[in-house]
Structure formats: structure tokens, C-alpha cells
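J.: Mind looking at a prediction? Sequence and model below.
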Amino acid sequence: MTDAKYDVLGIGNAIFDVFAQTDEKFLSQHGMAKGGMALIDEARAISIYRDMGPATEVSGGSCANTIVGVAGFGARAAFIGKVKADQIGTLYSHDIRAAGVAFETRAAADGPATGCSYILVTPDGERTMNTYLGAAQDLNPSDIDETQIAAARIVYLEGYLWDPKNAKEAFVKAASIAHAAGRQVALTLSDSFCVDRYRDEFLDLMRKRTVDLVFANEAELHSLYQTSDFDGALKQLRLDTKLAVVTRSEKGCVVVSSDGVTSVPAFPIQKLVDTTGAGDLFAAGFLFGLVRDASHETCGRLGALAAAEVIQHIGARPQVSLKELAGQNGLPV
């Protein structure tokens with residue numbers, strides 16, 4: 001196995017995130033289910049953007065947030081995702097590169113506009129997402145650069161993108177290239193509604209070892225095995241994967257592997273402001289720990305630290321250096 005050019009390379013939806021603080025009245029006026037994620041068309045995207053208040057705008061998408069977090073720890077990171085050659089696509093490309101992430105995916109010349117997600121945060125920290133996927137869904141196997149994939153220690157796949165046939169083919173192609181190069185492949189299940197739709201396919205990816213590492217939260221785990229029995233689901237997960245991590249919000253996380261089960265507590269916070277990006281940044285810390293050959297417990301602590309930082313302010317990007325934060329808390333960097 002040759003030396004890696006990248007520590008972690010992510011493949012996911014390239015979505016331009018637009019965050020705004022709002023109230024319950026705004027959500028009800030616009031027919032939004034609080035705390036949910038709705039897929040919307042371009043017309044509704046325009047109407048929500050017109051009515052929402054002052055916003056923070058940043059290159060996002062679940063996987064992209066993780067990859068920016070990996071870069072924030074000081075690791076070498078790359079991202080593959082599809083934007084259109086439009087104004088927002090140009091902003092997206094500039095922003096993610098400015099965060100220290102290699103981004104070389106060719107922008108689409110035609111077709112749908114660059115994807116956007118309008119994220120409304122209520123005073124209790126709950127986020128309600130309205131996502132126009134746009135060009136992000138047009139990722140296809142030709143966007144997968146064999147040299148780039150083979151040069152990454154871990155390839156990280158976003159479950160949200162396991163929808164269009166061409167994107168699935170791109171994922172499987174990337175996993176095959178990675179394994180041929182002696183690399184690891186990770187998958188985040190992304191959301192319980194993704195698991196509801198693709199349960200058998202996700203289990204197939206795990207059992208056939210197309211993926212080596214799985215990230216899930218409690219809701220996704222219960223959906224995956226269609227049971228409310230956490231311990232029973234965890235036992236099955238351990239049989240189905242080489243390595244898996246289940247996040248449990250304020251209860252921390254559980255890491256399962258052939259070596260056993262490791263529980264890691266959540267990191268203490270002063271105030272919950274916005275849960276957006278908690279899972280994404282947890283994955284960033286955990287993946288960073290893995291590429292630094294840390295123990296599973298230390299990987300979990302790095303994940304918990306990054307998640308704790310991001311939920312104490314608006315937005316899915318850290319506001320401080322994760323590398324410095326880890327050092328201050330006695331964690332390896």
C-alpha cells in the first residue's frame with residue numbers, strides 16, 4: 001500500500017447551507033414539521049429564502065461538514081460532490097477550499113441549480129431543514145477519480161446520497177477502488193428515513209464488507225433492525241460490521257467491533273444552541289482519531305469533543321480550531 005495523499009476523502013451531497021434563527025410561528029406559517037427534513041423544489045426554495053430573516057451561508061451537506069471538521073483537526077481532507085457552474089456553485093467551491101479541503105469535482109454546465117438547504121433554528125436549538133438537492137444528485141461514476149480515491153486512507157460515504165442510481169454506482173466504484181488500494185471505507189446512515197427506504201441495501205453493504213465502518217445514531221440503529229431493543233440491535237450490528245459507532249446524544253456513544261463494546265460519554269456543554277452538524281462533527285473527530293491510530297475510546301472522545309463544540313452555536317461548522325481544542329483537552333493531534 002502506497003502512502004496516502006489524503007487522510008479522509010468524503011463523497012456526498014454538495015449543499016449550500018443557509019442558516020437562520022426563527023420561531024414556531026414562522027414554521028407553522030410555512031407548513032413545516034418542526035425538527036424534520038423536507039425535500040423541496042426550486043420554487044419553494046426561492047419562497048423560503050425570500051421570507052426568512054438574516055442568514056449565515058456556508059458550503060455544507062452532511063459529508064462536507066464532516067470533511068471540513070477532519071481538516072479542522074489538521075488532517076489532509078478531500079471532498080467529491082456535484083455543484084452547477086452557477087453563482088452558488090462558485091461560492092460553494094471557494095468556501096470549502098478555503099476551509100482546507102481539496103475539492104476538484106467538475107461543476108455541471110447544465111441541469112438543476114446547485115443544491116441548497118434552508119435550516120431554521122428555533123430558540124430551543126431544534127433545527128428544521130428544507131433541502132433542495134439540485135445538482136448534488138447528479139453525481140455519477142465519471143466523477144470518481146481513481147487516483148484520488150486510491151490516495152485516501154479512509155473513503156467516507158454519505159447515506160443521504162444513496163438515492164439516485166448513478167450515485168449508488170459512484171459509491172460502489174469508489175469502495176471497490178479503495179479496497180483494491182488497501183484502504184478503508186466508511187458509511188454514515190445519515191437519517192432514519194434513509195434507513196427506512198434502503199434498509200436491505202445498507203445491510204447488504206455492511207454484510208458484504210463493501211463498507212468497513214458504519215456510523216449511526218440510535219434512531220437509525222432501531223430502524224435498521226426494526227426493533228426498539230437497543231442491546232439486541234447493537235449485538236446484531238456487531239455481527240454485521242467490522243467496526244460501528246452509535247451516537248446517543250447526551251448519553252455519548254458506543255463503539256462496537258470484534259474486540260468488544262466501548263462506551264464513551266458525551267462531552268459536557270454550557271448551553272445547547274443548535275443541533276445541526278452534531279453527528280457530522282462527531283464523525284469528523286472519530287475518523288481523525290482512526291487515521292492517527294488512536295484507540296476506539298480516544299476516537300470516541302475526539303468525536304464527542306467536536307460534536308460538543310458545534311452544538312453550542314448556530315451552524316454546522318466549528319468556530320474554533322478543533323486541533324487546538326483537542327490539544328487543550330489532552331487529546332492527540
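T.: Nice, thanks for sending it over. Numbers count the residues shown, from 1 in each chain.

J.: how close does the residue lying closest to residue 302 once chain neighbours are set aside sit to residue 23?
T.: Residue nearest to residue 302 in three dimensions, not counting chain neighbours: residue 285, with 3.6 Å by CB to CB, 6 or more residues apart in numbering. To be clear about C-beta, it is placed using only N, CA and C from the backbone, and glycine gets the same treatment. From residue 285 over to residue 23 the distance is 32 Å, taken as CB to CB, to the nearest Å.

J.: Compare these two and say which is more crowded by neighbours.
T.: residue 285 (31 against 12; other CB atoms under 10 Å).

J.: Touching, that one and residue 72? I think so.
T.: No. Between residue 285 and residue 72 there is no contact under CB atoms under 8 Å: 9.6 Å.

J.: Mutual contacts of the two, please.
T.: The contact sets of residue 285 and residue 72 overlap at 306, 322 (CB atoms under 8 Å, 6 or more residues apart in numbering).

J.: helix, strand or coil for residue 49?
T.: helix (DSSP: H, G, I helix; E, B strand; the rest coil).

J.: now do residue 112
T.: coil.

J.: show me what contacts it?
T.: Contacts of residue 112 (CB under 8 Å, 6+ apart): 42, 84, 133, 134, 135, 137, 138.

J.: which non-adjacent residue is nearest the fifth one?
T.: Take residue 135 and drop its neighbours on the chain: the residue closest to it by CB to CB, 6+ apart is residue 84, 4.2 Å away.

J.: now the third one
T.: Leaving aside its sequence neighbours, residue 133 sits nearest to residue 115 (CB to CB, 6+ apart; 4.9 Å).

J.: if we can go back for a sec, please work out how many residues are found near the residue nearest to residue 135.
T.: Neighbours of residue 84 using other CB under 10 Å come to 23.

J.: Pretty sure it sits against residue 116.
T.: No. In this structure residue 84 lies outside contact range of residue 116 using CB under 8 Å: 11.2 Å.

J.: anything in contact with each of those two?
T.: residue 134.

J.: for the contacts of residue 112, which one is nearest residue 308?
T.: residue 133 (29.5 Å; CB to CB).

J.: Tell me who's in contact with that closest one.
T.: 13, 15, 39, 112, 115.

J.: let's go with 10 Å and repeat that
T.: 13-15, 39-41, 61, 82, 112, 115-117, 160-161, 163-164 (CB atoms under 10 Å, 6 or more residues apart in numbering).

J.: Identify all residues paired with the residue nearest to residue 135 through a beta bridge.
T.: residue 108 (DSSP bridges).

J.: Could you do residue 119 as well?
T.: Beta-bridge partners, per DSSP bridges, of residue 119: residue 19, residue 129.

J.: now residue 116: how far from residue 93?
T.: Residue 116 is 14 Å from residue 93, by CB to CB.

J.: out of the two, which sits in the more crowded spot?
T.: More crowded of residue 116 and residue 93, by other CB under 10 Å: residue 116, with 26 against 20.

J.: Just the mean pLDDT for the helix or strand that one falls within, thanks.
T.: For residue 116, the enclosing helix or strand under DSSP states H and E is strand 115-121. Summarised as a single mean, pLDDT over strand 115-121 is 94.

J.: swap in stretch 182-189?
T.: 98.

J.: for the stretch 51-200 of the chain, what spans make up the helices?
T.: Here the stretch 51-200 of the chain has its helices, by DSSP state H, counting those that start in this stretch, at 62-72, 87-98, 146-150, 165-180, 192-207.

J.: wait, which of these is closest to residue 302?
T.: helix 62-72 (10.0 Å).

J.: Strands of the stretch 201-333 of the chain, residue ranges please.
T.: Under the criterion DSSP state E, counting those that start in this stretch, the stretch 201-333 of the chain carries strands at the ranges 213-217, 243-247, 253-257, 260-264.
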